[in-house]
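Student: dropping the sequence and predicted coords here.
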Amino acid sequence: MVIITFVQLELNDSAHQLISKLAYQHITNMKVFKFGGASINSTERIENVSRIIRSYQGEKLLIIISAMGKVTNALERVAEEFYKGQKEQALALFNELKTEHHSVAKQLTGHTIDQFTDIFTEVEWLLHDKPVRDYDYYYDQIVCCGELLSTIAVSHYFNHTGIANKWMDVRDIVRTDDNFRDANIDWDYTQAKITNEVLMAFNDTDIIITQGFIGSTDENESTTLGREGSDYSAAIFANMLNAESQTIWKDVEGVMNADPKKFTDAVYIDSLSYTEVIEMAYYGAQVIHPKTIKPLQNKGIPLHVKCFLNAALNGTVISNKPVHNLPPIIVVKQNQALLQLSSKDFSFIGEKGVGKLYELMAGFKISPNLVQSGAITVMCCLDDRSDKVEKLALAAGELFDVQVEKNLTLLTVRHYNDAIVEKLTAAKKQVLSQKTSETIQVLMKE
């Protein structure tokens, strides 16, 4: 390892590129790992993660870790109570999380972790105030602490047990805009930070632990990249570090053709192409975050999905190589709502009407799962988030006659055959369907 020292001065783009090239010459086996909440939802699981890391001794690892277990869901409840004006209830729920994290830290290291206090204070300061901004802003300020707390705990445990590492607050590195809950990356700023701070830190350590899912604005306001955004964060680091590979550690053997919790006959797939995974993610498969693939594909970085319960298994590799003869890939999305929009005067909806609908959805940050248009109607299937669906229906009501149907399920099957579709839709009322030669989607009601 060569240690590179720099004089403090303003660097232009060419200088940044030169620094990056010099550093990359001496870090040739960089790997990016992402561990999800299930992998650290108990002290035993955290100890298991440490055993996996020890097996990569001597390699350069950038490790991204999600919030523990169901902590993100618990923090969402804190944000909801706060925004409803239930300050005491929000504080009580947050105190439960504080106690939980102190307990885990003590079990892992034998003592409490002082660094927790900074994160706790950051959230409690906000909870003692009154909401004056949009819910999404407060969501990001509160929910982001889950990843910060988990990574602090794991970093301290690793150091306590002899796995030397450096903890970094990703909010000091990943710059985003202020599109709270679905923030967009400032790629140039983030690249410069990763080059000048993260990459240089590898001169002093083999392991860096940081957070996925979160970033910050130029005003130091916390942001999130969308649920399950830790996969995406890992891909950003892999791209900007020119990593050898990215690995997502999960509780399954690899990528399955269906959710094994819902389909006991789900089968493991040993290899997939970037294109196939993007399609799976687009239709709602929970294995890979939809934005994850592009940063990897742009630099040809393979993505491995491996099992943290048995690290010896090969897992799934996702790369540029085309894969043929795939089994039917099944994605089921429950809690769907169908908006049926009809012309008020029986005139054709046309491009203008559909365009207005998409403008409304963009304004409410809604992505439709299925859209079908006819002469005087447009049907739109959405995730049933009442805070957004109701607003969209109300706004659309100024332009269209609107009907809303809820409690629906959207089935998507890639590489389908008639037998599998018939089996999955048996005894269901089909409300809407669309199909191509590769993919069929059926909106159903029990």
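Tutor: Structure received.

Student: what's the closest non-adjacent residue to residue 236?
Tutor: Distance criterion CB to CB, 6 or more residues apart in numbering; nearest residue to residue 236, sequence neighbours excluded, is residue 295 at 5.7 Å. From N, CA and C alone the C-beta is placed, and that goes for glycine too.

Student: report all helices and strands that the helix or strand hosting that neighbour contacts.
Tutor: Using DSSP states H and E, residue 295 falls within helix 293-297. Other elements packing on helix 293-297 under the criterion 3 or more CB pairs under 8 Å, 6 or more residues apart in numbering; DSSP states H and E are helix 230-240, helix 274-282.

Student: before we move on, back to that, residues in contact with the residue nearest to residue 236?
Tutor: 232, 235-236, 238-239, 301 (CB atoms under 8 Å, 6 or more residues apart in numbering).

Student: following the lowest-mean-pLDDT helix or strand in the chain, which helix or strand comes up?
Tutor: Using mean pLDDT, DSSP states H and E, the weakest-scoring helix or strand in the chain turns out to be helix 13-26, at a mean of 51. Downstream of helix 13-26, the next assigned helix or strand under DSSP H and E is strand 31-35.

Student: hmm, back to that, hey, which of the helices and strands packed on helix 293-297 is tucked in deepest?
Tutor: When these are scored by mean count of other CB atoms under 10 Å, the highest mean neighbour count falls to helix 230-240 (a mean of 26).

Student: which residues touch that helix?
Tutor: 32-34, 36, 62, 64-66, 147, 170, 174, 185, 190-191, 194-195, 198, 210-214, 225-226, 243, 245-246, 248, 288-289, 291-296, 298-299, 301, 303.

Student: mind doing that once more with 6 Å?
Tutor: 32, 34, 62, 64, 66, 191, 194, 212-213, 225, 246, 248, 288-289, 291-292, 295-296, 299, 301 (CB atoms under 6 Å, 6 or more residues apart in numbering).

Student: pull out the buried residues from stretch 222-229.
Tutor: For stretch 222-229, the neighbour count (16 or more other CB atoms under 10 Å) marks 222-225, 228-229 as buried.

Student: look up which helix or strand residue 155 falls in, please.
Tutor: Assigned by DSSP H and E, residue 155 falls in helix 145-160.

Student: contacts for that helix?
Tutor: With CB under 6 Å, 6+ apart, helix 145-160 has contacts from 65, 67-68, 71-72, 75, 101, 104-105, 108-109, 113, 115, 119, 123, 165, 167, 209, 211, 213-214.

Student: filter these to the buried ones?
Tutor: Buried among the contacts of helix 145-160 (16+ other CB under 10 Å): 65, 67-68, 71-72, 75, 101, 104-105, 108, 113, 119, 123, 165, 167, 209, 211, 213-214.

Student: which helix runs longest in this structure?
Tutor: helix 87-109 (DSSP state H).

Student: and that one, what does it pack against?
Tutor: helix 71-83, helix 116-127, helix 145-160 (3 or more CB pairs under 6 Å, 6 or more residues apart in numbering; DSSP states H and E).

Student: what's the first-to-last distance across stretch 187-205?
Tutor: End-to-end distance of stretch 187-205 (CA to CA, to the nearest Å): 25 Å.

Student: what is the nearest of the buried residues of stretch 222-229 to residue 79?
Tutor: residue 224 (11.1 Å; CB to CB).

Student: is it true that the closest one touches residue 142?
Tutor: No - with contact defined as CB atoms under 6 Å, residue 224 does not count as touching residue 142 (10.2 Å).

Student: of the helices and strands packed on helix 87-109, which stretch is the most buried?
Tutor: By mean count of other CB under 10 Å, the helices and strands packed on helix 87-109 have helix 145-160 as the most buried, with a mean of 24.

Student: just how off-centre is it within its chain?
Tutor: From the chain centre to the centre of helix 145-160 is a distance of 19 Å (CA atoms, centre = their mean, to the nearest Å).

Student: next helix or strand past it?
Tutor: Assigned by DSSP H and E, the successor of helix 145-160 is strand 166-167.

Student: can you give the contact residues for that next one?
Tutor: Contacts for strand 166-167 (CB under 6 Å, 6+ apart): 155, 201, 205, 208-209.

Student: may I have the strands that pair with it, each with its orientation?
Tutor: strand 207-211 (parallel) (DSSP bridges).
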